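Asker: sequence and predicted structure are below.
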Amino acid sequence: MKTIITSLACALALTSSVAFASDPTEDKKAKPLQIGVFTTKEAKIQMAVRKGVGQKAVIILRDAKNNVIHEEVMGKKTEKFDGRFDVSNLNDGEYTLEVTSGNEKIRKQVSIKSEKQQVAQLRSVQLN
């Protein structure tokens, strides 16, 4: 009988300590701002943003003159953003992708260049 009570007491103690150690609200709020950015073959920018809850995040694409080209807002309750930006219609030049959440700010430089394709001369050969 004593071993059953001791086992139950130990199990209860372990369950209580695990429940207090993993508070999901604390983990979500403590997450730092994280972004992942890469380009695709279709002249698009693929972006993933991760943040904790409690603060909104703003994603801005700016041109070299600091004009806002595009803006997205993540709400306070949103933790994830996965988006694709089509930049194929933008002029060649330097751009800045900026993500701000609270007092955290991450900037990535984006350079857009068009490749000029050489026009191949076509020659035809005929036999008569």
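Answerer: On my side now, so go ahead.

Asker: give me the number of residues near residue 71?
Answerer: Other residues within reach of residue 71 by the criterion other CB atoms under 10 Å amount to 11. All C-beta spots, glycine's among them, are computed from the backbone N, C-alpha and C.

Asker: and the strands in this structure, which stretches?
Answerer: Along the chain, the stretches classed as strands by DSSP state E are 34-39, 44-50, 57-63, 68-74, 80-86, 93-101, 104-112.

Asker: with mean pLDDT as extra columns, can I get those strands in CSV?
Answerer: Shown next, in CSV, are these (pLDDT from 0 to 100):
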stretch, mean pLDDT
strand 34-39, 90
strand 44-50, 92
strand 57-63, 95
strand 68-74, 94
strand 80-86, 91
strand 93-101, 93
strand 104-112, 91
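
Asker: what is the burial count for residue 106?
Answerer: Other residues within reach of residue 106 by the criterion other CB under 10 Å amount to 17.

Asker: distance check, it against residue 86.
Answerer: From residue 106 over to residue 86 the distance is 22 Å, taken as CB to CB, to the nearest Å.

Asker: then residue 53?
Answerer: Taking CB to CB as the criterion, residue 53 is separated from residue 86 by 29 Å.

Asker: can you get me a residue count around the closest residue to residue 45 other than its chain neighbours?
Answerer: Once its chain neighbours are removed from consideration, residue 45 has its nearest residue in residue 85; the separation is 4.5 Å (CB to CB, 6 or more residues apart in numbering). By other CB under 10 Å, 19 other residues sit near residue 85.

Asker: wait, residue 85 sits on residue 70?
Answerer: Yes. Contact between residue 85 and residue 70 holds when scored by CB atoms under 8 Å: they sit 6.4 Å apart.

Asker: now do the shared contacts for the two.
Answerer: Common neighbours of residue 85 and residue 70, using CB atoms under 8 Å, 6 or more residues apart in numbering, are residue 61.

Asker: which ones are touching the residue nearest to residue 95 when sequence neighbours are not counted?
Answerer: Of all residues not flanking residue 95 in the chain, residue 110 sits nearest, at 4.2 Å (CB to CB, 6+ apart). Contact criterion CB under 8 Å, 6+ apart gives 45, 61, 87, 94-97 as the residues in contact with residue 110.
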